[in-house]
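**Student:** From the sequence below, what's the structure:
(chains A and B)
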Amino acid sequence: MWTRREMLSRSGLGLGMLGLTDLLRGESARAESTATHPLAPKPPHFAAKARRVIHLFLNGGVSHVDTFDPKPILDKHHGQPLPTSQRTERKTGAAFRSPFKFAKHGRNGIDVSELFPNIAASIDDVCVIRSMYADVPNHEPSYLLMNCGDGRQARPSMGAWVTYGLGTENQNLPGFVVMCPGGYPATAGQNWRSAFLPGAFQGTYIDTQHTQPEKLIENIRNDFLLPGRQREQLDLLRQINGRHLSRRPGDAQLEARIQSFELAYRMQSEATDAFDVTREPQAAREMYGDTTYGRQLLIARRLLERGVRFVQVWQRAGQPWDAHDNLETNHRDLAKECDQPIAALLRDLKQLGMLDSTLVIIGGEFGRTPTVEIPTPGVSRTPNGRDHNHYGFSMCLAGGGVKPGYVHGATDELGWNAVEGRVHIHDLHATILHLLGFDHEQLTYRYAGRDFRLTDVHGEVVRDVLA
Amino acid sequence: MASLTRSVSCEVSHLLLPRWGESATSKLTLRVSLVFALFCVAAPKVVAADDAAAFFENSVRPILVEHCVGCHGPKKQEAGLRLDSAAGLRKGSENGPVVVAGDVEHSKLIEVVRHVGAIKMPPKNKLPDRAIESLTKWVKNGAVWPAVANDNSGSIQERSKTHWAFQPVKDSAVPTVRNQDWVRTPIDAFVLARLEAAGLQPSPPADRRTLIRRATFDLHGLPPMPNEVAAFEADESPNAFEKVVNRLLASPRYGERWGRHWLDVARYSDTKGYVRLKDNPNYPCSWTYRDYVIRAFNEDLPFDQFVMQQLAADQLELGDDPRPLAAMGFLTLGQRFLNSQNDIIDDRIDVVTRGLLGLTVSCARCHDHKFDPVPTRDYYSLHGVFASSIEPHVPPLIVPAAERPRHDAYLQELQRRTDQLQQFLRTQQSKLEKSARERAGEYLLAAQKEQLQANFLAVMFLIDASKDLNPVMTQRWGQLLEQTRKRHHPVLATWHALANLSASAPDEFAAKARELIAKWRDVSDPKQQLNTVVVRALANTSPSSLADVATRFGELFQQVEARWLETLKANSSAKQLADADWEELRQVLFGDEAPSVIRLTEVEEFLFVDTTTQNQLHDQQRQVEDWIASAGAAPHAHVLIDAAVPVTPRVFVRGNASNPGVAVPRQFLEVLSRGERHPFQQGSGRLELARAIADRNNPLTARVLVNRVWLHHFGAGIVRTPSDFGLRGEPPTHPELLDHLAAHFMAEGWSIKTLHRRIMRSSVYQQSSRDELSREREVDPENKLLWKMNRRRLDWEALRDSLLAVSGKLDLTMGGPAMNQTTPPFSTRRAIYGFIDRQNLPSVLRAFDFAAPDASSPQRHLTTVPQQALFLMNSPFLQDQARNLSARPDLIRVEQTEQRIDAVYRTLFSRAAEPEEIALGKKFLESNDGAAAASTPTGESRHLTRWQEYLQMLLLANEFLFVD
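**Tutor:** The predicted structure is shown next:
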C-alpha cells in the first residue's frame, strides 16, 4: 500500500483533486473515480508485494519440451509413433526429440535448455510453471485468452483491468504500455483493448522499430511552435480557464481538464526522457544488447522505474515462435534474440531493488507438440517442426511475490498434457491479480447488466507459486 | 448507499469450448467445480455490516440459489423450508429453525450440508468443502441476510410482475405544483413536483446566447454562427426559441448528429473485427447503413418503422425505393468472430434486446438470466430467428428502379462477377454433395463415433487425421443421429439399436445383432415399423461389427441413389420413388433434413478443410466485394434474408453448442408477451419479432427510446442505465415523466422530432447550468431531480466538427463511403463520415471516449486524460485548424486587434470578449519575443505566428469544449 504522501507526490495531483476519501470507499469508488481521474493511484484489496507488471509475450508458441520441460523419452522414441496422441491444429506424426541439450541450473537444479544460457544463470530468481494449459490450439483465441481471459468475446485486457484496479503511479506517462516492433501480433489491438472499460485503460501501443521518442508516442512533440511558446500558451490558457471556472465554481470536470493540460505538458518531457535509451549509461545498453528487443526491455525498465503500471513486450509482429518446421533454427534465432535482454532485465530489476515489487511474466500462448508436424503444402515444408500444443506448456514468473528458484507442476511423460498442479490461464490471471493485491472475484465492472471480471466465472489462485 | 459488489458474472464463452481430450463426464465435473470456485474462494475480511452483506451476496446466496432453492424455493418447499428469502430462513422448516445465528453446532443447515447425520443435503452430491466452509463462516458470523432495497425475496417471475418497466405505459395526470409560473409544459410539472417535494427549487432560465448555443450543439453537434446568435438575441417574438429549434431540426446537420447517437447503439463499424489473412476485413458498403440512419433522422421516420426496417426491411413492402434495405446493417454490421455463427447470432440478439428493449437477454445464453425474467429457452427462441436468417452472397442493390440505367456499366460487370461466383459455388456444391452421398456409410460411422461436435471451434480445428472425411459433414450426420435417437425413424432406428448394442456388448455383437435383426423381421406395431429394405439387407449379411452395419448402409445409399438417377432419367420431373421403403431411404440422402443436401449458402462451411478451394472461393468473393467497394459502385445493402428452411432452435445446455437440449419454438420473449404468446409463423419469424418490438403495447420500446433522447439532451437518462431496464437496472428518477413522454411519443406517431420539441420547449431544458443554488447542490449533488441543466462536454465528433466549423473548413458533403479522419491529409468532412475500424480503433478516438464498437454502447464514458490534451496541443490537425482560423476572411478583414479578438470570441464562444479578456490577449500578442518563424521549403512558415498561437490556445479553452 502506498503512503498518503507517496501517493500524492507520485500522482502529481493536489489533495483536493484526488479525493482520498473516495479511494478508501472500495469498489464503488473505484468505478466512480474512474470518470474524473481514471488513472489516479488506487489501493488494491489487500497489501501485496507486486506493484507493477511486465509481461514478456514470446508470441507464437514457444516449445516447452525444448526450453523448460525436458522429455528424455523423446530421444528414446525419436522417429517412432507414440502410444498417445492429441488432436491439434494440424497432423503430427512420430516422436520428435529436442535438438537442444538440457542441463540443471541454480540452487535447485532446474532444467533449462541451451537455448537460454543467460536466463539459466538467473534461474534462482525464476519460478517455472510446467503445467499451464489453455483451451484451443490456435493463435488468435489463445492470444485473446492469455490477454483478455476470453478467446472470442470482446473483453478488457489484463493490463486494462490492472490499470483500472490500481491506476498508475506516474500521471505523466501512460499507465499501460504495449511494445511490438514493426507491426502488430495477430489479433492486433484486441490484445490490449479496454473493451467496455473506459478508453483511458487501453494499452498505449508503441512501435519499437522506431528509435526516436517522438515517433514512439503520438503527439508527444510539438513541431509547429517556437521553443518556449507552448508554455506561454498554457499560461494564458490557465488564466482564461481560471476566469471561466470562477463563474462555474466546484465543477470537477472543468478542474480536471485544466489539470490535464499541465499533466500533458509534463508528459512531453517525461515521456521523451523515458523512451530515450541513449540516456542510459553505455554499460546498461551493453547489458541489454544493442538490438531491437534489448532496446524494448531497456525502455520497459525505464518505464517501470518511472511508475508505469503495466508493460507488455511482444517479441516481433505476427507469431515469430510458430515453428511448424525448422524448429531448431527458428528457436535458436529467437532465443538468441531474447535470452540476454531478459536475463539483463531480471538482473537489472534486482540490482535496482525493484524485482520484489515487479511481477515479470515470461511465456507464450501455448506450447508445442512432442511429435513432429507432418508438412502441409503452403504452411510447412520439412518434417522438422512441431504443431501447437495447448494441453500442456511452460511459463515463467519472477519477482513480485513469486516463489523464486522453483518449479510448479508437471506435464506427462511425453509433454502432451499438464497433469500435476494444472494451471489454466484463468488460474494464472487469478494468481497475477492476487500477487497485485486483488481478489479476482471482487475486481469487477458493471456492464450490460452484469459484473464482469478478468476471470469470468473461473480461476483459482495457484498458492504453490506464492513466495 | 453504495451498491453492493456482487460477483455474479456469466459463464458465457469458456464453456462453449469443450476442453479437448476430456470425456463428457470430466467436463461436467470440471464445470461444476469451477462454479464453486467462483462462489467460495472469497473469505470475509472484516465483518462490518457491508462486508457481511457482500459476503452473503458473493459467497452464500449463490450456493443457496444453485443447490438449495430448487427444492426449497418458490416452486417446491421440501420440509416446508424456503431458502430464497430472509423470511424463509427465519421461519425455518417444519421441524423448526435451520440456522441459529452465530452457533454453528446448533444449526441444522450446517449439519446437513456436512453429511454427518441422517439427513444429508444436497441429497446426492455433497457440496465442495469450500462451499461448506462459506456456509459455516456465514452462520458463525451471524447468518446475515441483508435487507437491501432490491431484496431478491420472491422469484424473479414474481418480482417482474410488479417491476415498473414491464408494466404498460401509463399516461398519468400531470401533477399540480405551487410554482405554476415555471410550468411551461407537462414535463416541467413532473420535474417541479419532485423538486418541491424535496424542498428544492429550479435554477433561473439560461440567457439567450447560452440557450442557442446549447440547442445548436444538442441538435447539430456544432456551434451556432455569430449571426444566428445575434438574430435570436434580437428576436422578441414569443416563439423565438421554437423558431430556432425548428430551424435546427430542419437542417441536415441534425441527422448527422443524432444519427451518430444511434450508431453507438448499433455498434456501427466499417470492419468485421479480426479476420483471417485472406478475408476481407472491411464491409464493402457499411456506409449505406450509416447514410440510412442519417436520412431516417432527417426525415423523421417514425421510430416504429425505423425499428421494423432495421429488423425486417427484406420483408416489408418498400415500393419503388429499395433504400431502406440498408437499415438491416443494424443486424449485420457487428463483429464477425472469425465467422462463428453462434457468436454472430449472440451479437445480434444483444444489439436487438439491449438496443431496442433495454433488456440484457444475452445473459441468458448459458443459464436462465440471474436477475431478469428471461429464461434460456427465450434466448434460444430468438436464436432460432437469427439462425433462420442468412446473408446472401451478394448484397442486394439499393438503387431505385428509375436510377438504374445510370449504373448500367457497373451493373453489367457486377453481373459478370456474380455469375462467376455462383458458378463456382454450384460446381463446389455438386462435388461436395456427390462425395457426401457416395461416402454416406462412412459418415454414419464417423458421426456415431464422434462426440457431437456442433460448435464452431470444435469443428474448425478438430480434423480427424485418420480419414479425410469432411468434419462438417460428419457433424451433420451427428445432428441427424441426435435428432432421430429419440423419435422413431424407420431407417435409422435400426442403426441406433445396433449402435447401442455395439457400445454395450461389443464382444457379443455378432450374435446379439443376429437375434435383434431376426426380431425386426416381424415387427407389427405400425408406429415401430422399420424400413424393410434395411432390415432385409442386414438380415442377409449378418454384420459382425458396427462398421459392417455402416458398410451395409453405405451400399443401400448407393443403391438408392442409382435408383433415383434412373427414375429421373425416365421422368425428369419425378418427385419420389414409387416404392415406399426405397423412398424412405431416398429421403435420408435427398430429403429436406438430409445431411448431404448442401445449400449454396452453406458451401463455404464445408471448404475450410480444403484451403486451396477455400482460397479460390475467397478470390471469387473478393472479386465481387472489391467491385462493390470500388469508386463509382452503386450502393448495396448488407441485409439478412430468411433461410429456405427455418431452423427449429434447441437450447444449448450451459451455452454449449455441442450439448443441444430441448427444442423451443421461434417466438417472442415471454415477459413481454402478456400471456398470449404464439410461435412465429412466417419464415424465420424476424418480421413478427420486429412487429412485437414495434408494438404500441410493448412496454419497453418507447420508454427505452425516449430515455435515450432525454439522455442526449441532459447528459443523463431518466433511467440511468439506458440499455438495462431490467430488475437490476436503475429505476427511473421520474417514472411518471418517462411514461408521459413515452405515451405521447407513441400517440404522436413515434416522431422523434416532435419529442425534441416537447423536451426543448420545457423550462427544465431551458434552465441555467450554473449551480449557484447551494442548498440544491448539497441535497442533490448528482442533479437527479434536475434542479439545473447539466454542463456537457463535447464528444469526439462534436469537438472535431466544431474545430473545423470555426476554422471555416468544415466540408458539408453528405453520405458515401467512409473517409480518413485521423491521419493527414485529414478529411474535413464531419466525423460521422470517418472510417471506423473496430479491430484497431485509432488511439485518438479511444482517448476521446469514442463508443467502442465491439458491442452496443448505451452511453459514452467521460474521462479526462492527458492524451486528449496532447492531441489538442501538438497534433497536426490542430495546427491546421489554428492556421485555417487565422486565414478566415471575416477575421482578416478586422484590422484592430481588440476588435479582432472580439470577433474570434464571437466565433468560438458565441459571445463578445470582455475587456479583461481583450487585455489578456493583447498582452500575449504584444509580448512576442521576436523570434523569427522558420519557413518550410514551400515558403510556408513552419511555426505558427503569434496570432495563430493565440488562436490555438483559445481552441483549447474549457469554454470551447463545454456547453453550459
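**Student:** Identify all contacting residues around stretch B:492-510.
**Tutor:** B:444, B:448, B:480-481, B:484-485, B:512-513, B:516-517, B:520, B:528, B:530-531, B:534-535, B:538, B:542-546, B:549, B:553, B:588 (C-beta atoms under 8 Å, 6 or more residues apart in numbering or on different chains). Glycine gets a C-beta too; all of them are placed from N, C-alpha and C.
**Student:** For the stretch 201-350 of chain B, which residues are neighbours of chain A?
**Tutor:** Applying C-beta under 8 Å from any C-beta of the partner chain, one finds that the stretch 201-350 of chain B approaches chain A through B:G273, B:Y274, B:Q335, B:F337, B:L338, B:S340, B:D343, B:D350.
**Student:** Show me which of those has the smallest pLDDT value.
**Tutor:** Across these, the smallest pLDDT goes to B:L338, namely 79.
**Student:** Look at that residue and give its secondary structure.
**Tutor:** Look at B:L338: counting by DSSP: H, G, I helix; E, B strand; the rest coil, its state is helix.
**Student:** which residues touch it?
**Tutor:** Taking C-beta under 8 Å, 6+ apart, we find B:L338 in contact with A:E140, A:R152, B:Y274, B:V275, B:R276.
**Student:** Can you flag the buried ones in the residues you listed?
**Tutor:** Neighbour counting by 16 or more other C-beta atoms under 10 Å in any protein chain shown classes A:E140, A:R152, B:Y274, B:V275 among those as buried.
**Student:** So which of these is the closest to B:V764?
**Tutor:** Relative to B:V764, the closest of the buried ones among the contacts of B:L338 is A:R152; by C-beta to C-beta it sits at 44.4 Å.
**Student:** From A:S142, how far off is the closest one?
**Tutor:** According to C-beta to C-beta, to the nearest Å, A:R152 stands 11 Å off from A:S142.
**Student:** what do you get for A:L359?
**Tutor:** Relative to A:S142, A:L359 is positioned 21 Å away (C-beta to C-beta).
**Student:** what do you get for B:R728?
**Tutor:** Here the criterion is C-beta to C-beta. By it, B:R728 lies 33 Å from A:S142.
**Student:** Please say which of those two ends up with more neighbours.
**Tutor:** Counted by other C-beta atoms under 10 Å in any protein chain shown, B:R728 and A:S142 do not tie: A:S142 has more neighbours, with 25 against 21.
**Student:** now the helix or strand encompassing the more buried one: mean pLDDT?
**Tutor:** Using DSSP states H and E, A:S142 sits in helix A:139-148. For helix A:139-148, mean pLDDT is 94.
**Student:** Which residue ranges of the stretch 1-150 of chain A form helices?
**Tutor:** With DSSP state H, counting those that start in this stretch, the ranges of helices along the stretch 1-150 of chain A come out as A:4-11, A:15-18, A:20-23, A:27-36, A:73-76, A:117-121, A:139-148.
**Student:** let me fix that: the stretch 101-250 of chain B
**Tutor:** Counting by DSSP H, counting those that start in this stretch, the helices of the stretch 101-250 of chain B are B:108-113, B:129-140, B:156-162, B:186-197, B:208-220, B:226-234, B:240-250.
**Student:** Please apply the same query to the stretch 851-964 of chain B.
**Tutor:** Counting by DSSP H, counting those that start in this stretch, the helices of the stretch 851-964 of chain B are B:866-874, B:876-886, B:889-892, B:897-909, B:915-926, B:946-955, B:958-961.
**Student:** Show me how far the fourth one is from its chain's centre.
**Tutor:** Using C-alpha atoms, centre = their mean, to the nearest Å, we find the averaged C-alpha position of helix B:897-909 to lie 46 Å away from the chain's own average C-alpha position.
**Student:** Just the buried residues of it, please?
**Tutor:** The neighbour-count check on helix B:897-909 (16+ other C-beta under 10 Å) flags B:R900, B:I901, B:D902, B:A903, B:V904, B:Y905, B:R906, B:T907, B:L908, B:F909 as buried.
**Student:** Please consider this matter closed, and thank you.
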